[in-house]
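# sharing a model prediction with you, sequence too.
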Amino acid sequence: MTWDELRDHCLSMPGAQETFPFEPRVSVFKAANGKIFAIGVADADPLHVSVKCDPDLGEALRRDYEAIVEGYHLNKRHWITVTLDADVPDAPVRELVQDSYDLVR
C-alpha cells in the first residue's frame, strides 16, 4: 500500500478530513466529530499508520503480525501502529482504518 492509497482510503470515510496539528509532514485524519482515527507520515521509511483499535483485538494482532506494534507515542492500550508493505496485507490494513473510524465516530 502506498501513501496515496492510504490517504485516499482515510479520506473516503464520510466527513473525514486531513489535518496537520503537529507539523506539516504528519497527517492526522479526523472524523467529522473532530476525533482522530489515523495518523501517518507521507515520507516515512518505512511507511506506517497508527489507528485506534479495540484493546483485545490489538493484543491479538500484535501476536499475529510482526508489523503491528503498540501505538507510537499514543495510548498503548487503544492504539496500534502498522508498518505497511510488511507482513500485513493491504485488505486488513484497510479494515483496521475503517474500524478505527467506526470507533471514534
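Yes, it's here. Residues are numbered from 1 along each chain as shown.

# can you pull out the strands in this structure?
Remark: strands assigned in the chain by DSSP state E are 17-19, 26-30, 36-41, 48-52, 68-70, 79-83.

# quick one: the fourth one to strand 36-41, angle?
With axes from the mean of the first three to the mean of the last three Cα atoms, to 10 degrees as the basis, strand 48-52 and strand 36-41 are set at 170 degrees to each other.

# what's strand 48-52 packed up against?
Judged by 3 or more Cβ pairs under 8 Å, 6 or more residues apart in numbering; DSSP states H and E, strand 48-52 is in contact with strand 36-41, strand 79-83, helix 90-104. (Glycine included, C-beta is placed from N, CA and C.)

# right, and these - which one's nearest residue 18?
strand 36-41 (9.4 Å; Cβ to Cβ).

# what helices and strands are in contact with the closest one?
helix 3-11, strand 26-30, strand 48-52, helix 90-104.

# which of the ones you listed is buried the deepest?
Highest mean neighbour count of the helices and strands packed on strand 36-41: strand 48-52, a mean of 24 (counted as mean count of other Cβ atoms under 10 Å).

# report the buried residues of stretch 80-92.
For stretch 80-92, the neighbour count (16 or more other Cβ atoms under 10 Å) marks 80, 81, 82, 83, 84, 88 as buried.

# any chance of TSV for the helices and strands packed on strand 48-52, columns mean pLDDT and distance to residue 63?
Below are these laid out as TSV (pLDDT from 0 to 100; distance: least, Cβ to Cβ, whole Å):
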stretch	mean pLDDT	distance to residue 63
strand 36-41	97	22
strand 79-83	97	12
helix 90-104	97	14
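
# export these to CSV and tack on distance to residue 4?
Shown next, in CSV, are the helices and strands packed on strand 48-52 (distance: least, Cβ to Cβ, whole Å):
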stretch, distance to residue 4
strand 36-41, 11
strand 79-83, 17
helix 90-104, 13
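
# need the helices and strands packed on strand 36-41 in TSV with distance to residue 18, can you?
Listed next are the helices and strands packed on strand 36-41 as TSV, based on distance: least, Cβ to Cβ, whole Å:
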stretch	distance to residue 18
helix 3-11	6
strand 26-30	5
strand 48-52	13
helix 90-104	13
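
# for residue 41, which of those is the nearest?
Once these are compared by Cβ to Cβ, strand 26-30 is nearest, at 5.5 Å.
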